[in-house]
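Peer 1: Sequence and computational prediction follow.
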Amino acid sequence: MGPAAYLLWLLLSALLLGLSAGQGLGFGRPPLHSSPQARAVAGGRRLLALELLEEAEDLSLALLGTGLPGELPPECRELLEGFANSSVRLAGCLVRSARPVRLCQNCYRHFQSVTEHLENITRAVGNSSQSNCAKSLLMADRVQVVVILSQFFNSTWEKANCANCLKNNSEGLSNSTIEFLGIFNATLTCFERNFQEQASSLVPSNHTEVCRNCNGTYRQLNDFYNKMQKMNGLGRHSEHKTLCIDVEDAVNITRRLWSRTFNCSVPCSDTVPVIAVSSFILFLPVIFYLSSFLHSKQKKRILILPKRIQSNASLVNIQEKCS
């Protein structure tokens, strides 16, 4: 007799004993008009029915833990537990690192762990001994929770462009990203230190100390950011291509503090050449008209009569005198 048939037999026996005792399923009290012997027999049957029900309940709980349809074998359960634990750690890290944005530098180990556990599940598709695990975890139902979660993590990671700030094998941050974060932390430290010193002055709204003392580190940060863009081929004309969200958010925070909070501006190093070229362009019309006036000044014309005309004129004068 199988476990399911035995469970059915226990339930039917308990039901029959309860009915024969006249108490439904053995609950309640025996009739008052019955004899003491009848009440004793009914009580014994009721106790036996209760024992059979308890045994059936224990058997049903045991059957639910083993081998029923929908239950996972131990090896499949282990794969699912590994993916679940790594997913919980990654989700918590993403939420905690949302603001200020530190997704790539704080969560890349958790993302790599989720990727490895998912690969362990998908790798079982080609393995005959674990192919049922992959089918059960990835393709057994319409919702496909494991697939949806993995797609969400991959989409978030791609939108953050974390690959642009990690090494090729994603084992850690790239050297340029580490150097940039060092300059960024130094810039924020300079802001905080000089801002606290300036706050104790008589004019708290004036942040000249911050602008003067932190100008070097701020310019270094922007120059290195532009260098990182060129290294990754992300010039001004590139579309939908940026560095990782950690670097972009760090630059935005620093520029917002510099321009809006402290009202600082970066002096241009080419000021003198720009002023010289602008002045030359402004004076070009004056130079042009002045040179034109000097070279086009008209001189008075001197009329020189030809010799033949002079001789004829003198002959006429002589004839007039003779007459």
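Peer 2: That came through fine.
Peer 1: At which residues are the helices of the chain located?
Peer 2: With DSSP state H as the criterion, the chain has helices at 3-20, 36-64, 74-96, 103-123, 131-138, 145-159, 175-199, 208-213, 215-231, 245-256, 271-295, 307-322.
Peer 1: by contact count, what packs against the third one?
Peer 2: Helices and strands in packing contact with helix 74-96 are listed as helix 103-123, helix 131-138, helix 145-159; criterion 3 or more C-beta pairs under 8 Å, 6 or more residues apart in numbering; DSSP states H and E. The C-beta positions use only the backbone N, C-alpha and C, and glycine is treated the same way.
Peer 1: Swap in 6 Å and give it another go.
Peer 2: Contact partners of helix 74-96 among helices and strands, from 3 or more C-beta pairs under 6 Å, 6 or more residues apart in numbering; DSSP states H and E: helix 103-123, helix 131-138.
Peer 1: ok, residues contacting the longest one?
Peer 2: Outside helix 103-123, the residues within contact range by C-beta atoms under 6 Å, 6 or more residues apart in numbering are 79, 82-83, 86-87, 89-90, 93-94, 97, 134, 137, 150, 153, 157, 160, 162, 165-166, 170, 173, 244-246.
Peer 1: again, only this time at 8 Å
Peer 2: By C-beta atoms under 8 Å, 6 or more residues apart in numbering, the residues outside helix 103-123 that reach it are 79-80, 82-83, 86-87, 89-90, 93-94, 96-97, 133-134, 137-138, 146, 150, 153, 156-157, 160, 162, 165-166, 170-173, 177, 181, 244-246.
Peer 1: Kindly report the same for stretch 246-255.
Peer 2: 100-105, 160, 162, 165, 177, 180-181, 184, 187-188, 218, 221-222, 225, 228, 242.
Peer 1: 6 Å - rerun?
Peer 2: By C-beta under 6 Å, 6+ apart, stretch 246-255 touches 101, 104, 105, 184, 187, 225, 242.
Peer 1: Just flag the most distant two among the residues you listed.
Peer 2: With C-beta to C-beta as the measure, no two of the contacts of stretch 246-255 lie farther apart than 187 and 242, at 20.2 Å.
Peer 1: Name the residue in the two with the higher neighbour count.
Peer 2: Neighbour count, other C-beta atoms under 10 Å: between residue 187 and residue 242, residue 187 has more, with 23 against 14.
Peer 1: Please name the residues that touch the more buried one.
Peer 2: Applying C-beta under 6 Å, 6+ apart, we find residue 187 in contact with 217, 218, 221, 254.
Peer 1: Next, find the distance separating it from residue 279.
Peer 2: 36 Å (C-beta to C-beta, to the nearest Å).
Peer 1: What of residue 142?
Peer 2: 75 Å.
Peer 1: what's the answer for residue 288, then?
Peer 2: 15 Å.
Peer 1: Can you tell me which of the contacts of stretch 246-255 has the most neighbours?
Peer 2: Busiest of the contacts of stretch 246-255 [other C-beta under 10 Å] is residue 104, holding 25 neighbours.
Peer 1: Spatially nearest residue to that one (excluding sequence neighbours)?
Peer 2: By the measure of C-beta to C-beta, 6 or more residues apart in numbering, the closest residue to residue 104 outside its immediate chain neighbours is residue 162, 3.8 Å from it.
Peer 1: count of neighbours near that neighbour?
Peer 2: Per other C-beta under 10 Å, the neighbour tally for residue 162 reads 23.
Peer 1: ok, now residue 252?
Peer 2: 11.
Peer 1: go on, residue 115?
Peer 2: Quick note: residue 115 (other C-beta under 10 Å) scores 17 neighbours.
Peer 1: Out of the helices and strands packed on helix 74-96, which gets nearest to residue 209?
Peer 2: Of all these, helix 103-123 sits nearest to residue 209, with 30.6 Å by C-beta to C-beta.
Peer 1: mind listing what's buried in that closest one?
Peer 2: For helix 103-123, the neighbour count (16 or more other C-beta atoms under 10 Å) marks 103-105, 107-108, 110-115, 117-118, 120-121 as buried.
Peer 1: ok, residue 177 touching residue 165?
Peer 2: Yes: with contact defined as C-beta atoms under 6 Å, residue 177 counts as touching residue 165 (4.3 Å).
Peer 1: Which one's more surrounded, the two?
Peer 2: Between residue 177 and residue 165, counting by other C-beta under 10 Å, residue 165 is the more crowded of the two (26 against 22).
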